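1. no sequence for this one, just the structure:
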């Protein structure tokens, strides 16, 4: 028996050696036939590493953005990609600073290997639109790039990032652990936060149920948001119409002019580091001023329609309504000439008018808006021509994402509650700045801050303990450091002077989410020349398609709250002074004026709606 066993072992060993030999031969043959200019193992390692950032996108669906990875290899390139190459080249000549690397850091992982994306609109009534595929290949500095450039990375940015890597807290997908109870707790060892994903199943597919007391089931990093913007702008998901109207042709021409805008870095009014591509923005804004026409539906009963609220936390929707309806430059009475159709409703007044107090039911509000859309779709031919894709709403109340779902998901939604997990679609929808207006007579009152030399406070936050993030913030930092003022709501003083003075005297202002992702603190920080530190996973910041937010704000993931002080202290003095300068320069884009002025909030909001419309319409 022992002899037989030895014979069997010898036979198996021989078989194993033969197998290894064959494997080595196959590897060598594959290396020299398929990869003559590289090494097989290093190539495989590179490809595996390149997918590190995107594995979270493979395993889960980002609701409302519908990004799916496709393993097939496509080498097709269309005119959109060719135009994108020229736009990518412009990044090397952007303003006073210079790009130090041919591929921005945020694109790492896509420029190392071939990645194919297919996008589809599962939630839109236009669901019959064919899928498009995008192939991003690595071919050195001249490789095709997505149409929308990544935020500009300047030499200052690159230098600072290499010095202070802890600032890039959202450079990769943040993994979120789920537990059965759905509680939010602190890990005793690391201080990281854990929360429930609160997942339910609908028709066999996992769907996240939104609950403001729980962490999101999926955290989408800023780098992933940039990717979604590029993809959704590069490939339209709108169904191609049977025939194009004169207005459609005007849009195509405008889009072409924007993509081929001459690179100009000598504009004294616009500061290039603030923008993704300042030349594209300038040309798009000029074309908006020359061409854009908006038709406003006269229908709808007051106070829900046509009645703006001009003060309070939801005033943004009211100020836009007031200024849009009074505008003579952009408004047209002839819908056949309109590029966009505005539905002038107030999400705040809808809530105040129809919500039954303490009922915890919003179904009647949702039904009201559904019936209104059905009415205008039956009364006018315009909605049905595009399934509402050329229509838009501006709504700031927290419930607006729910009130504008269903058929309204196909239109452009400018929302303060710009939460990727509740259906906000990057590249189509617009993040509306939440501006707390205390004086309707003077909405720009008290703007300004102290110079950097007069900012002794490192970080400031004061507010109610709404939601799950703020209690964690106070647990870690309330009364812990003398130069960090992190507290509950401050005692009331007329005009909120204490709060404003703290903001003016602080280097960094913490903008922590409450019940929802949005907070008026983001705009308040900009007003008082304080660097916004946004702690709100899955929040898309205002005018995301235009502004390079990472050039003047910090994004700290919710699970990195325990590291907050180290992150802030890692910012060099040089970096801080440049960010402070940029915050001051970006202020003009967030101010309401009784009479709109160039580049103010009214015009920036209208421009973002126009801009996203240009890149959503299907031309091929």
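-> All right, it came through fine. Here the structure is a predicted model, which means the values were calculated and not measured.

2. run a quick neighbour tally on the nearest residue to residue 331 once chain neighbours are set aside.
-> What sits nearest to residue 331 in space, not counting adjacent residues and going by CB to CB, 6 or more residues apart in numbering, is residue 294, at 5.6 Å. Placement of C-beta: from N, CA and C, glycine included. By other CB atoms under 10 Å, 21 other residues sit near residue 294.

3. got it, and residue 449?
-> Per other CB under 10 Å, the neighbour tally for residue 449 reads 24.

4. report the contact partners of the nearest residue to it once chain neighbours are set aside.
-> Using CB to CB, 6+ apart and skipping residues adjacent in sequence, the residue nearest residue 449 is residue 529, 3.0 Å away. Counting by CB atoms under 8 Å, 6 or more residues apart in numbering, residue 529 touches 448, 449, 450, 504, 580, 583, 584, 587.

5. tell me the contacts of the third one?
-> The neighbours of residue 450, taking CB under 8 Å, 6+ apart as the test, are 504, 505, 529.

6. same check on the fourth one?
-> Taking CB under 8 Å, 6+ apart as the definition of contact, the neighbours of residue 504 are 448, 449, 450, 455, 528, 529, 530.

7. kindly recompute the last result at 10 Å.
-> 446, 448-451, 454-455, 457, 460, 527-530 (CB atoms under 10 Å, 6 or more residues apart in numbering).

8. flag the shaky bits of this structure, pLDDT-wise.
-> 1-18, 24-213, 236-243, 265, 495, 618-620 (pLDDT under 70).

9. residues contacting residue 284?
-> Applying CB under 10 Å, 6+ apart, we find residue 284 in contact with 254-255, 257-259, 261, 277, 545-546, 607-608, 610-611, 614-615.

10. and it, how far from residue 320?
-> Computed as CB to CB, to the nearest Å, the residue 284 to residue 320 distance reads 19 Å.

11. wouldn't residue 315 be in contact with residue 437 here?
-> Yes. In this structure residue 315 lies within contact range of residue 437 using CB atoms under 10 Å: 3.9 Å.

12. doesn't residue 509 fall inside a helix?
-> No. Applying DSSP: H, G, I helix; E, B strand; the rest coil, one finds residue 509 to be strand, outside a helix.

13. surely it is in contact with residue 535?
-> No. Contact between residue 509 and residue 535 fails when scored by CB under 10 Å: they sit 11.0 Å apart.

14. quick check on these two: which one has the bigger neighbour count.
-> Just comparing residue 509 and residue 535: by other CB under 10 Å the higher neighbour count belongs to residue 509, 28 against 24.

15. residue 306 against residue 300, yeah?
-> Yes. If you go by CB under 10 Å, residue 306 and residue 300 touch, sitting 6.3 Å apart.

16. quick check: neighbours shared by the two?
-> Each of 344, 345, 346 lies in contact with both residue 306 and residue 300 under the rule CB under 10 Å, 6+ apart.

17. okay, the last one and residue 216: tell me how far apart.
-> It stands for residue 346. Using CB to CB, residue 346 is found at 28 Å from residue 216.

18. now swap in residue 609 and tell me
-> To residue 216, residue 609 is 26 Å away according to CB to CB.

19. what does residue 573 give?
-> For residue 573 relative to residue 216 (CB to CB), the value is 35 Å.

20. residue contacts, residue 369?
-> Contacts of residue 369 by CB under 10 Å, 6+ apart are 304, 343, 345, 347, 350, 393, 395, 400, 402-408.

21. who wins for neighbours among those?
-> residue 400 (29 neighbours).

22. I figured that residue hits residue 434, correct?
-> No. With contact defined as CB under 10 Å, residue 400 does not count as touching residue 434 (11.3 Å).

23. which residues are in contact with both of these two?
-> 314, 317, 415, 416, 417.

24. among these, which lie within strands?
-> Counting by DSSP state E, the part of these found in strands is residue 415.

25. of the shared contacts of residue 400 and residue 434, closest to residue 557?
-> Within those, distances to residue 557 taken as CB to CB reach their minimum at residue 417, with 19.3 Å.

26. got phi/psi on that closest one?
-> Torsion angles at residue 417 (phi, psi; degrees, to the nearest 10) stand at phi -80, psi 70.

27. reformat the contacts of residue 529 as JSON lines; add secondary structure and distance to residue 522.
-> Shown next, in JSON lines, are the contacts of residue 529 (DSSP: H, G, I helix; E, B strand; the rest coil; distance: CB to CB, whole Å):
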{"residue": "448", "secondary structure": "coil", "distance to residue 522": "17"}
{"residue": "449", "secondary structure": "coil", "distance to residue 522": "15"}
{"residue": "450", "secondary structure": "coil", "distance to residue 522": "19"}
{"residue": "504", "secondary structure": "helix", "distance to residue 522": "16"}
{"residue": "580", "secondary structure": "helix", "distance to residue 522": "16"}
{"residue": "583", "secondary structure": "helix", "distance to residue 522": "11"}
{"residue": "584", "secondary structure": "helix", "distance to residue 522": "16"}
{"residue": "587", "secondary structure": "helix", "distance to residue 522": "12"}
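
28. which one of residue 573 and residue 216 has more residues nearby?
-> Between residue 573 and residue 216, counted using other CB under 10 Å, the more crowded position is residue 216 (23 against 8).

29. quick check: that one vs residue 419, distance?
-> The span separating residue 216 from residue 419 equals 8 Å under the rule CB to CB.

30. now for the two: what residues contact both?
-> Contacts common to residue 216 and residue 419, judged by CB under 10 Å, 6+ apart, are 210, 517, 536, 537, 538.

31. identify those among the contacts of residue 284 that sit within helices.
-> Among the contacts of residue 284, the members falling in helices (DSSP state H) are 254, 255, 257, 258, 259, 607, 608, 610, 611, 614.

32. compare the residues you listed and tell me which is most surrounded.
-> In terms of neighbours by other CB under 10 Å, the ones in helices among the contacts of residue 284 top out with residue 611 at 26 neighbours.

33. thinking that one is in contact with residue 392, fair?
-> No. In this structure residue 611 lies outside contact range of residue 392 using CB under 10 Å: 11.9 Å.

34. what is in contact with these two at once?
-> With CB under 10 Å, 6+ apart, residue 611 and residue 392 have common neighbours residue 430.

35. summarise which helices and strands the strand or helix carrying residue 460 is packed against.
-> Assigned by DSSP states H and E, residue 460 belongs to strand 457-462. With contacts defined as 3 or more CB pairs under 10 Å, 6 or more residues apart in numbering; DSSP states H and E, the packing partners of strand 457-462 are helix 469-477, strand 484-487, helix 497-504, strand 506-512, helix 521-527, strand 531-535, helix 564-569.

36. residues of it that come out buried?
-> Residues of strand 457-462 classed as buried: 457, 458, 459, 460, 461, 462 (neighbour count, 16 or more other CB atoms under 10 Å).

37. and which of these is nearest residue 486?
-> The closest of the buried residues of strand 457-462 to residue 486 turns out to be residue 461 (CB to CB; 4.9 Å).

38. for the stretch 201-350 of the chain, what spans make up the helices?
-> If DSSP state H, counting those that start in this stretch is used as the criterion, the helices of the stretch 201-350 of the chain fall at 222-234, 246-259, 278-291, 315-325, 347-354.

39. closest one to residue 557 among those helices?
-> Of all those, helix 222-234 sits nearest to residue 557, with 9.6 Å by CB to CB.
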